[in-house]
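J.: Provided below are the primary sequence and the corresponding predicted coordinates.
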Amino acid sequence: MDYSQGILGIAWIGVLLATFAVAMVLRRTMELNQRRGAFVSAVTHELRTPLTTFRLYTEMLDAGMVPDGEKQKQYFATLHSEAERLSHLVENVLMYAQLENNESGVERIEKVRLADLKERMASSLLERAAQSSMALTIEMDEAARNARVHADISAVERILFQPS
């Protein structure tokens, strides 16, 4: 009798552990679905704004409601900046999809000196600061200049130069 009760106890422990594991998997799956839903909602909201601008401005330009040449230039500039914004949004969504599919792009990571990274990005950073009527000072001591980091340079550029 004792032997069969021990086996029965072990079987019940196994059943409880399996039930616990299934509950954890279901919980994680539900959390993932909630995060995906929130992501889709945020992306949809971010896409609506430029699309609404496109629709409104193109309809106004097409209907001749903007006869002033200078105003038309402003509208076209706005359309261009919204197109850039849409492009970045789509690129970010595609990068997110790659991360979700475990296509992290590890092969793009390279070892680079911080000084070389600064050289590569300084002119664009300075230009962007000037556009915002700001001054930018980049200072590095010798240890930082010679330090080497592993980085995906294109990802660093996307982070630094993503439109706000």
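T.: All right, it came through fine.
J.: in the chain, which helix has the most residues?
T.: With secondary structure taken from DSSP state H, the chain has its longest helix at helix 2-62.
J.: quick one: low-confidence parts of the protein?
T.: Applying pLDDT under 70 to the chain flags residues 1, 99, 102-107, 162-164.
J.: before we move on, back to that, how far off centre is the longest helix of the chain?
T.: Helix 2-62 has its average C-alpha position 19 Å from the chain's average C-alpha position, going by C-alpha atoms, centre = their mean, to the nearest Å.
J.: which strands and helices sit next to it?
T.: Other helices and strands packing on helix 2-62, by 3 or more C-beta pairs under 8 Å, 6 or more residues apart in numbering; DSSP states H and E, are helix 69-100. (C-beta placed from N, C-alpha, C; glycine too.)
J.: Next, the angle from the helix it packs on to helix 2-62.
T.: Following axes from the mean of the first three to the mean of the last three C-alpha atoms, to 10 degrees, one obtains 170 degrees for the angle between helix 69-100 and helix 2-62.
J.: what helices or strands is helix 69-100 leaning on?
T.: Identification of packing neighbours for helix 69-100 by 3+ C-beta pairs under 8 Å, 6+ apart yields helix 2-62, helix 153-161.
J.: Tell me the buried residues in it?
T.: Judged by neighbour count (16 or more other C-beta atoms under 10 Å), helix 69-100 contains these buried residues: Tyr75, Leu79, Glu82, Arg85, Leu86, Leu89.
J.: out of the residues you listed, who's nearest Arg35?
T.: Looking at these and their distance to Arg35, the nearest is Leu89, at 18.1 Å (C-beta to C-beta).
J.: Could you look up the SS state of Gly64?
T.: Three states are possible here, and by DSSP: H, G, I helix; E, B strand; the rest coil the one that applies to Gly64 is coil.
J.: What does it show for phi and psi?
T.: Gly64 has phi and psi values of phi 70, psi 20 when expressed as degrees, to the nearest 10.
J.: Against Val93, how distant is it?
T.: Between Gly64 and Val93 the distance, using C-beta to C-beta, to the nearest Å, works out to 36 Å.
J.: All good on my end, thank you.
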